[in-house]
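> Based on what follows, work out the 3D shape:
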Amino acid sequence: MEKIQVFDARMLYGRPYLGAEPELTLAETMRDAEAERAVVVHREMGWLPPCRTMPMVAERTAKTEGAYGLYLLLPTQPGEMPPVEELAKTFKRDKIAGFYLYQESFNVPYHPTMFRDEFTACEKLSIPIFYHRDGKNSFEYLAEIMERHPKLKVVLSVNEEWPNARKIYPLMKAYPGISLCLSEHVWMGAIEDLVEKFGSKRLLYSSSYPARYPGGTVMMVAAANITQEDKQNIFYKNMEALIGGIACDSL
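Next comes the predicted model:
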């Protein structure tokens with residue numbers, strides 16, 4: 001059986017808070033997840049400031065074929081990180097896929113005003129914002145962001161299974177800039193239903209490995225009653241398009 005090509009939109013790597021260094025390299029972890037290419041969420045972003053995590057992410061991606069990193073997004077005015085426009089100039093060189101929004105760990109209030117300049121720049125440059133919600137949390141914050149920045153590209157992942165469609169479907173209908181990671185959407189018929197309602201170009205293969213088993217999402221998409229073109233969009237073409245659409249060459 002021919003191996004399915006995937007571009008993983010969400011894979012986890014790195015050291016949890018004050019934890020030990022990973023036993024495997026990033027390249028070994030990607031092989032375990034059977035991902036030729038992957039956007040990697042580095043766990044250190046949740047407890048180290050950008051000045052520490054940005055060099056770490058750039059170094060790891062430089063050593064690892066097929067790996068793409070994310071930079072933590074914090075307000076730039078205090079000087080903890082350079083302006084978005086400056087950082088974007090390095091994205092292609094350092095294989096950066098966008099920014100990771102993890103404001104709660106750094107005591108930044110849940111209000112889009114806190115990131116007005118940053119979201120405006122990301123909207124202008126088509127830089128994706130990767131946003132993850134755990135548990136049964138609501139999406140008022142994300143909805144308010146999209147109301148103010150309707151052209152913003154958001155890669156949404158949710159650590160919650162059925163019935164999260166009750167809140168995700170209206171959100172996706174209202175805001176076309178949202179693309180959905182699929183590693184947590186394992187109910188029967190989910191892929192067919194999502195493709196029918198929103199089209200395959202807004203769905204992204206993701207594993208959330210090692211927190212989840214990657215084979216589940218692969219099987220779910222491969223077995224779905226959708227076209228081969230839809231499956232290719234989900235498995236790798238949509239992630240290629242998101243990264244390829246970043247306007248760093250114009251800076």
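> use CA for all of it now, contacts and neighbours both
OK.
> For the stretch 51-200 of the chain, which segments count as helices?
84-88, 91-94, 116-125, 140-148, 165-174, 190-198 (DSSP state H, counting those that start in this stretch).
> and those as CSV, adding mean pLDDT and distance to A67?
CSV is the format used below for the helices of the stretch 51-200 of the chain (pLDDT from 0 to 100; distance: least, C-alpha to C-alpha, whole Å):
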stretch, mean pLDDT, distance to A67
helix 84-88, 95, 17
helix 91-94, 94, 10
helix 116-125, 97, 21
helix 140-148, 95, 27
helix 165-174, 91, 28
helix 190-198, 93, 26
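> Indicate which one of the ones you listed is closest to L74.
helix 116-125 (8.3 Å; C-alpha to C-alpha).
> what's the angle from that closest one to helix 140-148?
60 degrees (axes from the mean of the first three to the mean of the last three C-alpha atoms, to 10 degrees).
> Tabulate the CA atom coordinates of helix 116-125 in CSV.
Provided in CSV are the C-alpha atoms of helix 116-125 (Å, rounded to 0.1, in the frame of the first residue of the first chain):
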residue,chain,number,x,y,z
ARG,A,116,-4.2,45.2,17.7
ASP,A,117,-0.9,46.0,15.9
GLU,A,118,0.2,42.4,15.7
PHE,A,119,-3.1,41.1,14.3
THR,A,120,-3.3,44.0,11.8
ALA,A,121,0.2,43.1,10.5
CYS,A,122,-0.6,39.4,10.3
GLU,A,123,-3.8,40.2,8.4
LYS,A,124,-1.8,42.4,6.0
LEU,A,125,1.0,39.9,5.4
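> Return the set of buried residues in that helix.
D117, E118, F119, T120, A121, C122, E123, L125 (16 or more other C-alpha atoms under 10 Å).
> Roughly how far does the first one sit from N137?
From D117 across to N137, the span is 26 Å (C-alpha to C-alpha, to the nearest Å).
> and if you look at the fifth one?
If you measure A121 against N137 using C-alpha to C-alpha, the figure is 27 Å.
> And for the last one?
With distances taken as C-alpha to C-alpha, L125 is found 29 Å from N137.
> Point out where the stretch 101-250 of the chain drops to low pLDDT.
Scanning the stretch 101-250 of the chain with the threshold set as pLDDT under 70 gives 135-136, 161-163, 186, 249-250.
> which residue is nearest the middle of this structure?
F130 (3.9 Å; C-alpha atoms, centre = their mean).
> so that residue makes contact with G98?
Yes. Judged on C-alpha atoms under 8 Å, F130 makes contact with G98 at a distance of 7.1 Å.
> where do the strands sit along the chain?
For the chain, the strands defined by DSSP state E cover 7-13, 37-42, 67-73, 96-101, 129-134, 154-159, 178-181, 203-204.
> Same list, those strands, but as TSV with distance to A27 please.
Shown next, in TSV, are the strands of the chain (distance: least, C-alpha to C-alpha, whole Å):
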stretch	distance to A27
strand 7-13	10
strand 37-42	10
strand 67-73	8
strand 96-101	16
strand 129-134	22
strand 154-159	23
strand 178-181	22
strand 203-204	21
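> which one of the ones you listed is the most hemmed in?
Per residue and on average, the most neighbours among the strands of the chain fall to strand 203-204, with a mean of 27 (mean count of other C-alpha atoms under 10 Å).
> In terms of secondary structure, what does it contact?
strand 178-181, helix 238-244 (3 or more C-alpha pairs under 8 Å, 6 or more residues apart in numbering; DSSP states H and E).
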